[in-house]
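>>> sharing a model prediction with you, sequence too.
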Amino acid sequence: MRNHVKAKLKSGKPAIGVTLSVMHPETIRTIANSGFDWVLYDTEHGPWSIETVNDMIQRTSGSTASPIIRVVWNDMNAIKRALDTGTYGIIVPWVSSREMAEDAVRYSRYPPEGLRGCAPGRPARAWGVSPEEYLEIANEEILVAVQIEREEAIEKVEEIVSVEGIDATWLGPADLSASMGLRGQFFHPKVLKAMERMVEACIDAGVAPGIAAGAGVAKFGIDYVNKLIEQGFRFINIGVDLSLLELGCKAFLEKVNL
């Protein structure tokens, strides 16, 4: 089993994901088999422990959508524990320099390319391969995305995306706008200009531009996702599962003759 999200992004196609908020295997499996490319387990802002995430990934292995974890920090131990759940990729928050991007890659790779400790049993089970095969393919197949969410990250984005091993970025409009003194103004012209700079830098470097698009979807609807794709974004998260549930319920009821 290979990482179809990484392959899709490499080919220039968009990969659409959704953040999980309901930690139940039946719910996760339903979402993961609905057509999304990836599902996100958020351990930075979400309340889920790594034990819970590990249990859910192991119990829903074989689903169509690849599991991806946003780690709590750019930390070797946090990244190692996340990868050992069997996730197909990580999103690393607050990467604002080339050195931080290099650390994220190094922490995600087995030696000699990196510093990840070798304990392939659990991730191999989730991937449906032998531990030996997992060790052989993991460095190439694990997706590494860095979150661009500080003004200083935008200023150094060309350096960040030039790091070998970075597959995608993930722009965080909330933190980015706050760092620019525009807290909550996700669509301020300065924020939009920063987004454009990131997309351009990614395209030049052969890295997939990504974004946490939940706020835009909530404000403008699903058409916002199509607009992002037109702008060049590829690694797109459209929000949380409960928002989709609410959206679906409303869309259904609007068409019922009550």
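Received the coordinates, thanks. None of the values given here were measured: they were computed from a predicted structure.
>>> only C-alpha atoms for contact and neighbour calcs from this point on.
OK.
>>> what's the average pLDDT for stretch 91-111?
In this model, stretch 91-111 carries a mean pLDDT of 98.
>>> the spatially closest residue to Asn237 that is not a sequence neighbour bridge partners, please.
Once flanking residues are discounted, Asn237 sits nearest to Gly17: 4.5 Å by C-alpha to C-alpha, 6 or more residues apart in numbering. Counting by DSSP bridges, Gly17 is bridged to Trp38, Asn237.
>>> which residues does Gly17 contact?
36-40, 235-238 (C-alpha atoms under 8 Å, 6 or more residues apart in numbering).
>>> what do you get if the cut-off is 10 Å, keeping everything else the same?
5, 32, 35-40, 65-68, 212, 235-240 (C-alpha atoms under 10 Å, 6 or more residues apart in numbering).
>>> next one: it from Arg197, what distance?
Using C-alpha to C-alpha, to the nearest Å, Gly17 is found at 23 Å from Arg197.
>>> so Asn226 makes contact with Gly216?
No - using C-alpha atoms under 10 Å, Asn226 makes no contact with Gly216, being 11.2 Å away.
>>> so the two - more neighbours on which side?
Gly216 (19 against 11; other C-alpha atoms under 10 Å).
>>> can you tell me the element that one falls in?
Using DSSP states H and E, Gly216 sits within helix 214-220.
>>> and the helices in the stretch 51-200 of the chain?
Counting by DSSP state H, counting those that start in this stretch, the stretch 51-200 of the chain has helices at residues 76-83, 98-108, 121-127, 131-141, 151-155, 157-161, 173-179, 189-205.
>>> same list, these, but as a markdown table with distance to Gly46 please.
Below are those laid out as a markdown table (distance: least, C-alpha to C-alpha, whole Å):
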| stretch | distance to Gly46 |
| --- | --- |
| helix 76-83 | 14 |
| helix 98-108 | 20 |
| helix 121-127 | 22 |
| helix 131-141 | 25 |
| helix 151-155 | 23 |
| helix 157-161 | 26 |
| helix 173-179 | 15 |
| helix 189-205 | 25 |
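>>> any idea which of those helices is most buried?
helix 157-161 (a mean of 23; mean count of other C-alpha atoms under 10 Å).
>>> which elements pack onto it?
Packing contacts for helix 157-161, counted by 3 or more C-alpha pairs under 10 Å, 6 or more residues apart in numbering; DSSP states H and E, involve helix 98-108, strand 143-148, helix 151-155, strand 168-171, helix 189-205.
>>> can you lay out those as TSV showing distance to Pro131?
Formatted as TSV, the helices and strands packed on helix 157-161 follow (distance: least, C-alpha to C-alpha, whole Å):
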stretch	distance to Pro131
helix 98-108	17
strand 143-148	19
helix 151-155	37
strand 168-171	27
helix 189-205	33
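>>> among the ones you listed, which is nearest Ile90?
Proximity to Ile90 (C-alpha to C-alpha) singles out strand 143-148 among the helices and strands packed on helix 157-161, at 5.4 Å.
>>> next, the buried residues of that closest one.
143-148 (16 or more other C-alpha atoms under 10 Å).
>>> now these as a markdown table including pLDDT and distance to Glu159?
Shown next, in a markdown table, are the buried residues of strand 143-148 (pLDDT from 0 to 100; distance: C-alpha to C-alpha, whole Å):
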| residue | pLDDT | distance to Glu159 |
| --- | --- | --- |
| Leu143 | 98 | 19 |
| Val144 | 98 | 16 |
| Ala145 | 99 | 15 |
| Val146 | 98 | 12 |
| Gln147 | 98 | 14 |
| Ile148 | 98 | 12 |
